[in-house]
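Undergrad: this is a predicted model, with the sequence first.
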Amino acid sequence: MTRQSLPGEFAQRVETGVERARDALLALQHADGYWLFELEADATIPAEYVLLRHYLGEAPDAALEAKIAVYLRRIQGNHGGWPLFHDGAFDMSASVKAYFALKMIGDPVDAPHMVRAREAILARGGAAGSNVFTRILLGLYGVVDWRAVPMMPVEIMLLPTWFPFHLSKISYWARTVIVPLLVLQAKRPRARNPKGVTIDELFIGSPREVGPPSRAAHQSRLWFTFFAGVDALLRATDKWFPKRLRQRAIDAAVRFVDERLNGEDGLGAIFPAMANAVMMYDVLGYAENHPRRAIARRSLDKLLVVHEQEAYCQPCLSPIWDTALSAQALLETGDARAIEQAERGLSWLAPLQILETRGDWISRRPHVRPGGWAFQFANPHYPDVDDTAVVAMAMDRVARLRGDDRFREAIDRGCEWVIGMQSGNGGWGAFEPENTHLYLNNIPFSDHGALLDPPTADVSARCLSMLAQLPLSPEREVAAARARQYLLDEQEADGSWYGRWGMNYIYGTWSALCGLRAAGLAPGSAPLQRGAQWLLAIQNDDGGWGEDGESYKLDYHGYERAPSTASQTAWALLGLMAAGYVDDPAVASGIAYLLETQGGDGLWEEALFTATGFPRVFYLRYHGYRKFFPLWALARYRNLAVRNLCPVPGGM
């Protein structure tokens, strides 16, 4: 099917599909101009929310907990436990937390779903196989002894920057989670647990006999053995740490949290850090109505999603990401009303640019001016380059459409900050440069392997797309050249690129193909051809594309077939069109898949998870992805194949 022979009926279906999806997305815009969609993780976040309430001994909210219980029961896997993503494999920690929360809510242990869960947990070795964060929760409840938890002395707060372990050497999310947790580990409080609920039945043998965690699959035997020795030494000497020094360290931790408390948006604007902050204030004796403790507690309730029959807690909120990507999709349509509403969204974004706060990133870039956007409503210490790049590109598209410079100062300042955040190898991490102290993933605490924020292909490609789209300057050209080479070096042997923040190689390959094409690589160039051929080779028989969380496994040997999803199909289509494959029958087949699966409301259903919090540990379902990415792909195809509008007017 070529542009010249595109049947009129199919062309009209594409036009209609674009119009219906556009109108549906416009109808979801908030009155203030932004878009915000639900952000769903696995069972751990709602389970931890329930357990936090009982840890604090709060007044019962039976109606809310009943709805959370409905949600937890619904997402239980066929294997009896709980997975990390929809239809995924059994995960021990998610299963232990979900079981504990359901028992705390009041589900009887002899209920069929509880029996299935318990049998699944015990059949896999019992709750002793839980990860470090789950062990800490169980330690706070007195289920396991603290010797089951790696030592993290609060005196870490006082270490010099040159020390092998320093807070500046780990990622923002790890830093905000760990700091209040250090106080909890120093104080070792016990949950109030008014109902006296325990889960000893999930252990083979006594839970009090559980020892330190074993080496995780990603950890080096040599490094882990060394750090395990350090852990044993710290454990043996803990009681002799000077009390005055310990208090200084606790005071430093409190100052860190106080400075970054972030109002009702919460510490780091992510659930684990926010929950730990509340417990830190609690163990230090702050009353419930103390301003800092009270606002920290309120921040958690803002993450709740409460429907008529069920409820859950989100890991964070995503208004800037949702708004910027919705604007990009609407701008692609070229419709006057869509452009106007996208502009409203970007005008809402403009004052959220972080221009004053010198966040934690200054530890590596002290002379760079602030200028980025965060992911959440507010998170001034932790803007990220991915959001900043997408916002800047959307603003630039509007500015060129309108023929004015209303956003030019914001765009330039954002671009300046992104360039300043570029790492030495030419790539970008999400939140900080040079966050590459890989040996730290071998400490016993890091059994999740997600302690760091190194440069990745997907984020770097977005930054390259931005640099290629914006007006040229010598500084931008140098940064773009380095980014282009980084991406070329990161291409996998099979032609794909790894996707850190989206599943997985489809996401990374879409990002890289767009960035490299925008940066000047010709459609016939070898890197674009290889990337496109990989996408063509993995297309499903139904015309769509799909990939799941198993693609992050350590022994990955190539793509494994997964069900098609609307968002991943859209990424593949956008990537293929960037590589010059507009006329390929596979692209028309992918477009047909989107049209055939479009719902009566103009949108798409997508129960499967297509995004990543931490590979192999934590996955995400952005409810907005099925709303704006398919629209974007349909509109681009319509522009190129039906209306013959070339070239693509942006870097993505």
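TA: Great, that's in hand. Residues are numbered from 1 along each chain as shown.

Undergrad: what segments of the stretch 201-350 of the chain are helices?
TA: With helices called from DSSP state H, counting those that start in this stretch, the stretch 201-350 of the chain shows them at 221-237, 243-259, 271-283, 291-301, 319-333, 336-349.

Undergrad: before we move on, what about the stretch 401-550 of the chain?
TA: 408-420, 457-469, 474-490, 505-518, 526-537.

Undergrad: nearest to residue 360, out of those helices?
TA: Nearest to residue 360, of all the helices of the stretch 401-550 of the chain, is helix 408-420, at 13.9 Å by Cβ to Cβ. For the C-beta atoms, the positions are set from N, CA and C on the backbone; glycine is no exception.

Undergrad: buried residues, that closest one. List them.
TA: The neighbour-count criterion (16 or more other Cβ atoms under 10 Å) identifies 410, 411, 412, 413, 414, 415, 416, 417, 418, 419, 420 as the buried residues of helix 408-420.

Undergrad: which one of these is nearest to residue 459?
TA: The closest of the buried residues of helix 408-420, once distances to residue 459 are taken by Cβ to Cβ, is residue 418, at 10.1 Å.

Undergrad: list the contacts of the nearest residue to the closest one once chain neighbours are set aside.
TA: Once flanking residues are discounted, residue 418 sits nearest to residue 385: 5.0 Å by Cβ to Cβ, 6 or more residues apart in numbering. Contact partners of residue 385, counting by Cβ atoms under 8 Å, 6 or more residues apart in numbering, are 372, 417, 418, 421, 428, 429, 430, 431, 459, 462, 463.

Undergrad: how about residue 454, nearest residue that isn't a chain neighbour?
TA: Spatial nearest neighbour of residue 454, excluding adjacent residues (Cβ to Cβ, 6+ apart): residue 436 at 4.7 Å.

Undergrad: among the buried residues of helix 408-420, pick out the one closest to residue 339, please.
TA: So of the buried residues of helix 408-420, ranked by how close each gets to residue 339 (Cβ to Cβ), first place is residue 411, at 17.1 Å.

Undergrad: pLDDT value on the residue nearest to residue 418, please?
TA: pLDDT for residue 385: 97.

Undergrad: same thing with residue 231?
TA: pLDDT, read off for residue 231, is 77.

Undergrad: hmm, it is touching residue 151, no?
TA: Yes. Using Cβ atoms under 8 Å, residue 231 is in contact with residue 151, at 5.1 Å.

Undergrad: neighbours around the residue nearest to residue 170 when sequence neighbours are not counted, how many?
TA: Take residue 170 and drop its neighbours on the chain: the residue closest to it by Cβ to Cβ, 6+ apart is residue 451, 5.1 Å away. For residue 451, the count of nearby residues is 23 (other Cβ atoms under 10 Å).

Undergrad: ok now do residue 451, which residues does it touch?
TA: Contact analysis of residue 451 by Cβ under 8 Å, 6+ apart lists 170, 171, 174, 440, 441, 443, 445.

Undergrad: again, but for residue 506
TA: The contact partners of residue 506, taken as Cβ under 8 Å, 6+ apart, are 499, 535, 538, 545, 546, 547, 568, 571, 572, 575.

Undergrad: from these, which two are the most distant?
TA: Within these, two members stand farthest from each other by Cβ to Cβ: 546 and 575, at 14.4 Å.

Undergrad: who has more neighbours out of those two?
TA: Between residue 546 and residue 575, counted using other Cβ under 10 Å, the more crowded position is residue 575 (29 against 22).

Undergrad: what about that one, which SS state?
TA: At residue 575 the chain is in helix, as set by DSSP: H, G, I helix; E, B strand; the rest coil.

Undergrad: nearest residue to it in space, please, no chain neighbours.
TA: The nearest residue in space to residue 575 (Cβ to Cβ, 6+ apart) is residue 510, at 3.8 Å.

Undergrad: wait, isn't the one you found in contact with residue 567?
TA: No. Here residue 510 lies out of contact with residue 567, judged by Cβ under 8 Å, at a distance of 10.3 Å.

Undergrad: so for these two, which residue has more residues nearby?
TA: Taking other Cβ under 10 Å, residue 510 and residue 567 do not tie; residue 510 has more neighbours (32 against 29).

Undergrad: any weak-confidence spans in the protein?
TA: For the chain, the stretches with pLDDT under 70 are 1-5, 645-647.

Undergrad: how about 50 then?
TA: 1-4 (pLDDT under 50).

Undergrad: now for the lengthiest helix in the chain, which elements pack on it?
TA: In the chain, with assignment by DSSP state H, the single longest helix is helix 8-27. Helices and strands touching helix 8-27, by 3 or more Cβ pairs under 8 Å, 6 or more residues apart in numbering; DSSP states H and E, are helix 319-333, helix 336-349, helix 585-597, helix 625-637.
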